[in-house]
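# This is a predicted model, with the sequence first.
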Amino acid sequence: MAQRRLTVRKIKETLRLKWGLGLSSRQVAASLRISHSTVGEYLKRAEQAGMDWEQVESLSEAAIAEQLFPPQKANRERAEPDWAQVDTELQRKGVTRMLLWQEYLEEYPDGYSYSQFCERYRKWRKSAEKTTMRKPKKAGEEVEVDYAGLTVPVTNPKTGETHEMQIFVGVLGASGYIYCEAHRSQNLPNWVRAHVHMFEFYGGVPRIVRPDNLKAGVTKPCFYEPDLNPTYHELAQHYHLAVILARVAKPTDKGLGENAVQQVERWVLAPLRKERFFSLYELNQAVRKRLTWLNERCLSHQSHSRKSLFEANEKDALQPLPPYPSAKRSSS
């Protein structure tokens with residue numbers, strides 16, 4: 001039951017998302033629309049070849065293929081880690097499986113590969129009857145983005161003609177910190193520009209952006225293999241993040257984003273319904289003022305706000321902004 005080999009370009013993207021961004025195998029699989037087992041297979045091949053992301057990034061496709069598909073080596077007995085100690089160490093802030101695996105290899109150079117290390121740890125946790133409750137989103141990991149259903153009219157002061165402005169909304173997964181801005185349309189330049197402005201607003205970049213299957217970001221909105229717009233893919237590479245599309249008819253994938261849209265419509269746009277705007281700049285000034293109020297407002301039955309949660313728990317977890325805002329400066 002041989003399965004068709006991925007292209008080297010897609011294998012390289014798999015390694016970028018896994019090693020360059022540190023995503024889980026399931027997140028990589030979701031981003032590239034391939035199976036979780038396929039991700040594991042190519043990670044295992046790369047680890048057995050002794051490769052790391054810096055090496056892969058500098059190699060040609062032919063050189064990568066040559067190293068990834070050598071004759072298989074015979075299995076050897078390997079030293080078993082102290083899984084209870086591994087589990088304890090993982091509770092510490094900043095400690096990752098990758099770090100513990102590297103420390104394990106320092107003591108046992110012929111030990112398990114990273115994928116085997118993780119798999120055996122998962123099996124140990126099950127046998128030890130550890131909890132398997134779904135964890136909340138990690139700080140700095142994800143932002144969900146979408147457009148609001150409501151629009152806001154802007155009047156041309158010379159002609160009296162009105163144009164409905166589109167409202168872009170983004171929300172960070174851990175703190176619920178919201179960003180929004182108005183655009184003339186949902187076209188690609190505005191879509192990309194909104195992401196740039198959003199990252200500047202947050203002062204950093206999450207590892208994952210989760211959009212809906214919008215035309216601006218997806219050139220082929222297929223359920224199985226949607227294709228990202230090349231410009232949007234460039235933005236993802238420039239900001240060192242992964243794009244994982246929300247699945248069709250899976251509201252749990254974008255529940256936080258839909259809630260943020262509702263909050264923006266209710267507390268930002270609705271209070272502006274009686275005001276008249278004569279420029280996009282004027283509208284965005286009013287939107288920003290209402291957005292500030294929304295983010296600083298205490299959450300229901302809580303003593304803290306979205307902004308205080310962001311500053312306390314999520315701001316420092318974001319990746320730093322790149323030296324300049326976009327891969328193509330002319331798009332700003």
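The structure has been received and is ready for your questions.
# Toward the C-terminus, what is the element adjacent to the longest helix seen in the chain?
When the chain is parsed with DSSP state H, its longest helix is helix 280-296. Proceeding N to C from helix 280-296, the next assigned helix or strand is helix 306-309, under DSSP states H and E.
# burial measure for residue 153, as a count.
Residues contacting residue 153 under the criterion other CB atoms under 10 Å number 13. Every C-beta, even on glycine, is put in place using the N, C-alpha and C of the backbone.
# give me the element residue 176 is part of.
Here residue 176 is assigned to no helix or strand, by DSSP H and E.
# Just give the nearest non-adjacent residue to it, would you?
Once flanking residues are discounted, residue 176 sits nearest to residue 306: 4.9 Å by CB to CB, 6 or more residues apart in numbering.
# Give the other helices and strands that the helix or strand hosting residue 105 contacts.
For residue 105, the host element (DSSP H and E) is helix 97-107. If contacts are counted by 3 or more CB pairs under 8 Å, 6 or more residues apart in numbering; DSSP states H and E, helix 97-107 sits against helix 83-90, helix 114-127.
# Highest mean neighbour count out of those?
helix 114-127 (a mean of 16; mean count of other CB atoms under 10 Å).
# Need the three-state assignment for the nearest residue to residue 279 once chain neighbours are set aside.
Closest residue to residue 279 apart from its sequence neighbours, by CB to CB, 6+ apart: residue 154 at 6.6 Å. Three-state call for residue 154 (DSSP: H, G, I helix; E, B strand; the rest coil): strand.
# quick one on the thing from earlier: can I get the longest helix of the chain in PDB? Just the C-alpha atoms.
Extracted C-alpha coordinates of helix 280-296, given in PDB (Å, rounded to 0.1, in the frame of the first residue of the first chain):
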ATOM      1  CA  LEU A 280     -12.200  56.300   5.600                       C
ATOM      2  CA  TYR A 281      -9.600  57.900   7.900                       C
ATOM      3  CA  GLU A 282     -12.300  59.600  10.000                       C
ATOM      4  CA  LEU A 283     -14.200  56.300  10.300                       C
ATOM      5  CA  ASN A 284     -11.100  54.400  11.400                       C
ATOM      6  CA  GLN A 285     -10.400  57.000  14.100                       C
ATOM      7  CA  ALA A 286     -13.800  56.500  15.500                       C
ATOM      8  CA  VAL A 287     -13.400  52.700  15.200                       C
ATOM      9  CA  ARG A 288     -10.100  52.800  17.100                       C
ATOM     10  CA  LYS A 289     -11.600  54.800  19.900                       C
ATOM     11  CA  ARG A 290     -14.500  52.300  20.400                       C
ATOM     12  CA  LEU A 291     -12.000  49.400  20.100                       C
ATOM     13  CA  THR A 292      -9.900  50.800  22.900                       C
ATOM     14  CA  TRP A 293     -13.000  51.000  25.100                       C
ATOM     15  CA  LEU A 294     -14.000  47.400  24.200                       C
ATOM     16  CA  ASN A 295     -10.500  46.000  25.000                       C
ATOM     17  CA  GLU A 296     -10.200  47.900  28.300                       C
END
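# buried sites along that helix?
280, 283, 284, 286, 287, 288, 290, 291, 294, 295 (16 or more other CB atoms under 10 Å).
# What's the mean pLDDT across that helix?
For helix 280-296, mean pLDDT rounds to 96.
# Outside of it itself, list whatever touches it.
With contacts defined as CB atoms under 8 Å, 6 or more residues apart in numbering, helix 280-296 is touched by 152, 154, 165, 167, 177-184, 263-264, 267-269, 271-272, 275, 277, 305-307, 310.
# Please repeat the previous calculation with a cut-off of 7 Å.
Helix 280-296 is contacted by residues 152, 154, 165, 177-178, 180-182, 184, 263, 267-268, 271-272, 275, 277, 305-307 when judged by CB atoms under 7 Å, 6 or more residues apart in numbering.
# Equivalent analysis for stretch 151-163, please.
By CB under 7 Å, 6+ apart, stretch 151-163 touches 164-167, 182, 184, 269, 272, 276-280, 283.
# Residue 145 belongs to a strand?
Yes: applying three-state DSSP, one finds residue 145 inside a strand.
# Next, work out how far apart it and residue 159 are.
Distance, residue 145 to residue 159, using CB to CB, to the nearest Å: 33 Å.
# quick one: which of the two has more around it?
residue 145 (24 against 7).
# ok, the more buried one touching residue 208?
No: Residue 145 lies out of contact with residue 208 (CB atoms under 7 Å); the separation is 10.8 Å.
# can you pull the contacts of residue 174?
If you count contacts by CB under 7 Å, 6+ apart, residue 174 has them with 136, 137, 138, 139, 313, 314.
# burial count for the spatially closest residue to it that is not a sequence neighbour?
Leaving aside its sequence neighbours, residue 174 sits nearest to residue 139 (CB to CB, 6+ apart; 4.3 Å). Using other CB under 10 Å, residue 139 has 20 other residues around it.
# Now that residue 139 has come up, it's in contact with residue 317, right?
Yes: at 3.9 Å, residue 139 counts as touching residue 317 under the criterion of CB under 7 Å.
# separation between the residue nearest to residue 51 when sequence neighbours are not counted and residue 41?
Nearest residue to residue 51, sequence neighbours excluded (CB to CB, 6+ apart): residue 67, at 6.3 Å. Counting by CB to CB, the gap from residue 67 to residue 41 is 15 Å.
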